[in-house]
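Visitor: next come a sequence and a model predicted from it.
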Amino acid sequence: MDMEKKKLNVACIGMRFGMSHIEGAMQYGAQIAAICDCNEENLRNAGERYGIPEEKRFTDYRDLLDRNDIDVVTVAVPDQQHREISCAMLRAGKHVLCEKPLALRREDVRAIVAAEDASGSKFMVGQICRFTPAFEKAKEIVDSGVIGDIYYVESEYAHDYMYLCDTWRADPDRHGVIGGGCHAVDLLRWLAGDPLEVFAYGTHKLLPQVPYDDATIAVLKFPNDVIGKVFVSTGCKRDYTMRTLIYGTKGTIICDNTSPTMTLFTIGADEMAHEPQILDVTVNNHNAAKEFEVFADAILREKPVPTDAREGARTVEVCLAIIESSTTGRIIRPDYTF
Ligand SMILES: NC(=O)c1ccc[n+]([C@@H]2O[C@H](COP(=O)([O-])OP(=O)(O)OC[C@H]3O[C@@H](n4cnc5c(N)ncnc54)[C@H](O)[C@@H]3O)[C@@H](O)[C@H]2O)c1
């Protein structure tokens, strides 16, 4: 094993989705120094599943703050607590990998950005789509210039939350556009830059148990004359997907995060697109191993973090602009001053 990898000691907080962080860290070859969950049953389940001894299991994250045998903390607790735990860990000198969305409110994202700036540590928000094989491939094709100049991008986040929204997800601040739609928004920002303007409509027919729309459509104006669309449905009656379209002047990409293939159209000598190429891709829509590897590389090899606090904040800002537009009927210009 690479000696550098052995040096990273990781504490993982939140033992539901956060178990994927244990797996990502273990696959990388890091040591799990501690796991933490305030729910003792969830803590025990994770401990038994991954063979973490009882002395490394904690119910209060504050017990980890002063431990000098912890380099990296992963945070996978309800979104409303990302600020409190991430800021405390940054202040304590830990590197922090925090789940998406960065936070739900502008004041909270700004506090995390400020804590990142004030710390000497690395911070990453887990925008996992940037490590999804089909989306990585799409980005590589776009950057290669094969499909020319992008003029339209579209992504949807379709995921049935019928059995997911009876807890902290039913908080009015946890609108579907920010909770799940942040994946589609972040993906389009990665491909086309920061939207200059957004306009959105919403509807609410499927999830009466939440106090916000369960479907939203937004049109976006990006820099360089690129236009785009985001569709979010958190009550949809279909299997989970993030169908994504990228139109360029010399070709088109159609992909998602749940299919084993993606489609690429390119033009021939006559400048027409003919038969599409069907490209094989690995299906891995929660590529926690790659996500952890990228973060560990940033820490150990002084590489930039691709989704630092400001990147996470910009994605949240676009989501909030979409929600604001859908409730006010106005065009909103996101404010990226953090
Ligand atoms: N990247 C993705 O695609 C993806 C998927 C699912 C969830 N998430 C994100 O992961 C985070 C967790 O989501 P989840 O589905 O696991 O939620 P969950 O409610 O199922 O589980 C949260 C866990 O955190 C624990 N917890 C809550 N407060 C805590 C605290 N103060 N200290 C320690 N433990 C605490 C709870 O007991 C629970 O075990 C959220 O931010 C969510 O948005 C991301």
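Guide: Perfect, thanks for sending it. Everything numeric here is computed off the predicted structure, so don't read it as measured data. Residues are numbered from 1 along each chain as shown.
Visitor: residues from the stretch 201-338 of the chain in reach of the ligand?
Guide: By the rule Cβ under 6 Å from any ligand atom, the part of the stretch 201-338 of the chain lying against the ligand is His286. C-beta here means a position set from N, CA and C on the backbone, and glycine is covered the same way.
Visitor: please enumerate the strands of the stretch 201-338 of the chain.
Guide: 215-222, 226-233, 244-248, 251-255, 261-266, 277-280 (DSSP state E, counting those that start in this stretch).
Visitor: tally of neighbours for Leu102?
Guide: Other residues near Leu102 number 31, with proximity taken as other Cβ atoms under 10 Å.
Visitor: any idea how far it is from the ligand?
Guide: Remark: distance between Leu102 and the ligand (Cβ to the nearest ligand atom, to the nearest Å) = 10 Å.
Visitor: next: Glu156.
Guide: Taking Cβ to the nearest ligand atom, one finds Glu156 at 15 Å from the ligand.
Visitor: swap in Arg314?
Guide: Separation of Arg314 from the ligand (Cβ to the nearest ligand atom): 17 Å.
Visitor: quick check: that residue vs Val75, distance?
Guide: 19 Å (Cβ to Cβ, to the nearest Å).
Visitor: before we move on, back to that, so which of the strands of the stretch 201-338 of the chain comes closest to Tyr61?
Guide: strand 226-233 (30.6 Å; Cβ to Cβ).
Visitor: ok, back up a step: now mean pLDDT and mean neighbour count too, for the strands of the stretch 201-338 of the chain, in a markdown table please.
Guide: Formatted as a markdown table, these follow (pLDDT from 0 to 100; neighbours: other Cβ atoms under 10 Å):
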| stretch | mean pLDDT | mean neighbour count |
| --- | --- | --- |
| strand 215-222 | 98 | 21 |
| strand 226-233 | 98 | 22 |
| strand 244-248 | 98 | 22 |
| strand 251-255 | 98 | 22 |
| strand 261-266 | 98 | 18 |
| strand 277-280 | 98 | 12 |
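Visitor: and this protein, what are its domains?
Guide: Domains of the chain are assigned by automatic domain parsing as 3-127+288-307, 130-284+317-328.
Visitor: hmm, back to that, tell me which of Arg314 and Val75 has more neighbours.
Guide: Legend: neighbour count by other Cβ under 10 Å for Arg314 and Val75, higher for Val75 (26 against 22).
Visitor: the closest residue to the more buried one other than its chain neighbours - how many residues pack around it?
Guide: Leaving out its chain neighbours, the residue that sits closest to Val75 by Cβ to Cβ, 6 or more residues apart in numbering is Cys98, at 4.3 Å. Neighbour count for Cys98, taken as other Cβ under 10 Å: 28.
Visitor: SS state for Cys98?
Guide: Secondary structure, DSSP: H, G, I helix; E, B strand; the rest coil: Cys98 is strand.
Visitor: pLDDT wise, what is it at?
Guide: We have a pLDDT of 98 for Cys98.
Visitor: please name the residues that touch it.
Guide: Listed by Cβ atoms under 8 Å, 6 or more residues apart in numbering, the contact set of Cys98 reads Thr74, Val75, His82, Ile85, Ser86, Ile112, Phe123, Met124, Val125, Gly126, Gly312.
Visitor: got a pLDDT number for the residue of the chain most remote from its centre?
Guide: Residue farthest from the centre of the chain, counting by Cα atoms, centre = their mean, is Asp270 at 40.0 Å. For Asp270, the pLDDT comes out at 92.
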